[in-house]
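Asks: Predicted coordinates and the sequence they were generated for:
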Amino acid sequence: MLTVAVLISGGGSNLRALLDAAAESDFPARVVVVGADREADGFVHAQEYGIPTFTVPWSRATSREGWGAELGAQLAVWNPDLVVLSGLMRLLPADLVDEWSPRIINTHPAYLPEFPGAHGVRDALAAGVERTGASVIVVDHGVDSGPILAQERVPILPGDDEHALHERIKPVERRLLIDVVRRIATGALVLPSPAQ
């Protein structure tokens, strides 16, 4: 059984989808802990499923490296097989990435390498393209630049604003994430090591 730690910053909609999937008896992975860089609304999903939570507050960090070391220490307590970034809005320091790579994955609301960064949906709309997408990647030292594990196109419809487009991307992200975790757990997907 693959053990998973999930790191969030906000409402945790991807976390919820993963917890729901993991509750099925035939799903080959279990979430063992949920962490965040602040008191996150998404903790309610973990609490509903009886999953332990921890917080490593970014606001109290004296440096990115110090914050990353504390986050790494928390993860080490649980020693998960896989770490899923689920809306964690922080770049992980290099030491933490090196320690866990390639066992850290992330979702992104764009068809990478198109529109990396914190505003992928907004950037796609601003570019005037006809379609964007969702991706699941291995985390590396860059911004949304790691090896792509899964992705799918999502059309941009006339009249789409950022909210409407993001709401159509989210279910695709969730489905891709669940499928990737399942394939990692069953050995159907072997995680590639990202370039350093």
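Replies: Happy to help now that I have it.

Asks: Can you read off the pLDDT for residue 90?
Replies: Looking at residue 90, its pLDDT is 85.

Asks: Disregarding residues adjacent in the polypeptide, which is nearest to it?
Replies: residue 37 (5.4 Å; Cβ to Cβ, 6 or more residues apart in numbering). Where C-beta positions appear, they are placed from N, C-alpha and C, glycine not excepted.

Asks: what do you get for residue 132?
Replies: Distance criterion Cβ to Cβ, 6+ apart; nearest residue to residue 132, sequence neighbours excluded, is residue 124 at 3.9 Å.

Asks: Kindly report the same for residue 78.
Replies: residue 33 (4.6 Å).

Asks: Next, count neighbours for the one you found.
Replies: Neighbour count for residue 33, taken as other Cβ atoms under 10 Å: 21.

Asks: Repeat that for residue 161.
Replies: Applying other Cβ under 10 Å, I find that residue 161 has 10 neighbouring residues.

Asks: excluding its backbone neighbours, what's nearest it?
Replies: Of all residues not flanking residue 161 in the chain, residue 125 sits nearest, at 7.4 Å (Cβ to Cβ, 6+ apart).

Asks: residues in contact with that neighbour?
Replies: 156, 160, 161, 162, 165 (Cβ atoms under 8 Å, 6 or more residues apart in numbering).

Asks: What strand or helix carries it?
Replies: helix 120-127 (DSSP states H and E).

Asks: Then residue 179?
Replies: helix 162-186.

Asks: for that helix, packing partners?
Replies: strand 2-8, helix 13-22, strand 29-36, strand 82-85, strand 104-108, helix 120-127, strand 131-138, strand 148-155 (3 or more Cβ pairs under 8 Å, 6 or more residues apart in numbering; DSSP states H and E).
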